[in-house]
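[1] after the sequence you'll find the predicted model.
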Amino acid sequence: MALVLATTREKEKTEMRAALCETLVDLAASREDIVYLDADLFGSSGMRPFARAYPDRAYDIGIAEANMIGVAAGLSAVGMTPFVHSFGPFATRRCFDQLFLSVAYGRNTVNVIGSDPGVTAQYNGGTHMPFEDVGILRTVPTAVIVEPSDTTMLRSVVRELSEKRGLHYIRLKRKTAVKIYEEGTTFTVGKGITVREGSDVTLIAAGILVDEALTAAEQLALEGISARVIDMFTIKPIDAGLIRQAAAETGAIVTCENHSVIGGLGSAVAEVLVQGDPVPMEMVGVRDEFGEVGTEGYLKERFGLTAAVIAEKARAVLARKK
């Protein structure tokens, strides 16, 4: 199905974790290689229905994330396709060595789900709030990193990655997301999506910041500023061609991410631009800080991850462009 944007952007009725579970249950019905591993978080991940449907293919490894990755790599080595979950910081920095060696270097296939990235960790606070997970895994050769915007994209991405080999990292908000795409729309990992056309500046966003970028574009339009918005849901491999095209056609870039500005989407985009024809660029993201406790709304304000800040950065980059 061709790309179709939702007619209204509002909170979805289905949680992201429920969409993940439904998709994996459906995949497992026709594929005996699909297995699921969790680190004592079946309730948090919403994967109990999978465990009930396929008890012989659901494994609770306990709070031993590094061991979980090793087990998943072993399952891959004997022909299985593992999906594994823990909270983002534990799925990445706690078991980086196993991800690097047992999975990527060992040419095994593991689909890692790191839940509640960035400020979506909310009341779990700084210990569970990964602003660094993308930066960590971008350094792993051949790793794929995706951050789906809504359940429609999540379902499509999970199905596609289940057919591919290698280390795949899915940054997953567990609860409800804002609906961006109509049901049935499919996506291609590695290809960004232009969700709004514009000619003055390009806003390149991922995850929960896609909605904020679209809201910022609407605010800027009232000022006579035409902002293009790109959903760069695949952070690695980054869609360099689309970035260069946007830079050539609008001459100014603002990146928007629920992650540190060090090593994440902004860094990936800057690396593309600096090797070609650089244009003025600003970054919206966390500024070398740890997370803290709060609601998602409060934390967005606290770390400057809002439509208002995106619009402010767009005005700043346009001033530099002139």
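    Yep, it's here.
[2] which residues in the chain form strands?
    34-38, 58-60, 81-87, 110-115, 144-146, 167-172, 193-196, 201-205, 227-231, 234-236, 253-260, 281-286 (DSSP state E).
[3] right, so those strands: which one is the most enclosed?
    Of the strands of the chain, the one with the most neighbours on average (mean count of other C-beta atoms under 10 Å) is strand 201-205, at a mean of 31. In this view, the C-beta of every residue, glycine as well, is placed from N, C-alpha and C.
[4] what lines up beside that strand in the sheet?
    strand 227-231 (parallel), strand 253-260 (parallel) (DSSP bridges).
[5] which of these sits closest to Pro89?
    Among these, the nearest to Pro89 by C-beta to C-beta is strand 253-260 (12.1 Å).
[6] what's the pLDDT at Thr7?
    Thr7 carries a pLDDT value of 83.
[7] ok, the residue lying closest to Leu214 once chain neighbours are set aside to Gly190 distance?
    Once flanking residues are discounted, Leu214 sits nearest to Val229: 5.5 Å by C-beta to C-beta, 6 or more residues apart in numbering. Using C-beta to C-beta, to the nearest Å, Val229 is found at 19 Å from Gly190.
[8] if we can go back for a sec, which strand residues bridge the residue nearest to Leu214?
    Arg196, Leu203.
[9] make sure it is actually in contact with Ala205.
    Yes. Using C-beta atoms under 8 Å, Val229 is in contact with Ala205, at 6.7 Å.
[10] before we move on, back to that, tabulate the strands of the chain (CSV), appending distance to Glu212 and mean pLDDT.
    Shown next, in CSV, are those (distance: least, C-beta to C-beta, whole Å; pLDDT from 0 to 100):
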stretch, distance to Glu212, mean pLDDT
strand 34-38, 30, 98
strand 58-60, 36, 97
strand 81-87, 23, 98
strand 110-115, 20, 98
strand 144-146, 19, 98
strand 167-172, 16, 98
strand 193-196, 12, 97
strand 201-205, 7, 98
strand 227-231, 10, 98
strand 234-236, 17, 98
strand 253-260, 7, 98
strand 281-286, 8, 98
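[11] possible to save those strands as TSV with distance to Thr152?
    Below are the strands of the chain laid out as TSV (distance: least, C-beta to C-beta, whole Å):
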stretch	distance to Thr152
strand 34-38	21
strand 58-60	25
strand 81-87	19
strand 110-115	17
strand 144-146	14
strand 167-172	14
strand 193-196	12
strand 201-205	17
strand 227-231	12
strand 234-236	16
strand 253-260	19
strand 281-286	24
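[12] which one of these lies nearest to Thr306?
    Judging those by C-beta to C-beta, what sits closest to Thr306 is strand 281-286, at 8.5 Å.
[13] show residues contacting that closest one.
    118, 131, 209, 252-261, 264-266, 269-270, 273, 303-305, 309-310, 313-314, 316-317 (C-beta atoms under 8 Å, 6 or more residues apart in numbering).
[14] any idea how far Gly100 is from Ile69?
    Just so we're on the same page, residue 100 is Phe rather than Gly. 10 Å.
[15] these two - which one has more neighbours?
    Taking neighbours as other C-beta atoms under 10 Å, Phe100 and Ile69 compare with Ile69 leading, 31 against 19.
[16] can you tell me how far that one is from Ser30?
    Shown here: Ile69 relative to Ser30, a distance of 26 Å by C-beta to C-beta.
[17] quick one: common contacting residues for Val229 and Ala205?
    Taking C-beta under 8 Å, 6+ apart as the contact rule, Val229 and Ala205 both touch Ala213.
[18] distance from the worst-scoring helix or strand of the chain on mean pLDDT to the middle of the chain?
    The least trusted helix or strand in the chain, going by mean pLDDT, DSSP states H and E, turns out to be helix 42-45, with a mean of 93. Remark: helix 42-45 is offset 19 Å from the chain centroid, using C-alpha atoms, centre = their mean, to the nearest Å.
[19] before we move on, what about stretch 158-167?
    Mean-position distance between stretch 158-167 and its chain equals 15 Å (C-alpha atoms, centre = their mean).
[20] give the contact list for the residue nearest the centre of the chain.
    The centroid of the chain falls nearest to Glu147 when counting by C-alpha atoms, centre = their mean (1.4 Å). Glu147 sits next to 117, 134, 170-171, 206-207, 233, 235 when contact means C-beta under 8 Å, 6+ apart.
[21] ok, of those, which one's closest to Leu154?
    Ranked by distance to Leu154 (C-beta to C-beta), those are led by Ile170 at 7.8 Å.
[22] if that closest one is in a bridge, with which residues?
    Applying DSSP bridges to Ile170 yields these beta-bridge partners: Ile113, Val146.
[23] what about the stretch 1-150 of the chain, any weak spots by pLDDT?
    1-2 (pLDDT under 70).
[24] what about Glu197, distance to Ile208?
    22 Å.
[25] those two - which one has more neighbours?
    Set Glu197 next to Ile208 and count neighbours by other C-beta under 10 Å: Ile208 wins out with 24 against 11.
[26] OK, contacts around the more buried one?
    Ile208 neighbours (C-beta under 8 Å, 6+ apart): 118-120, 149, 173, 177-178, 258, 296, 305.
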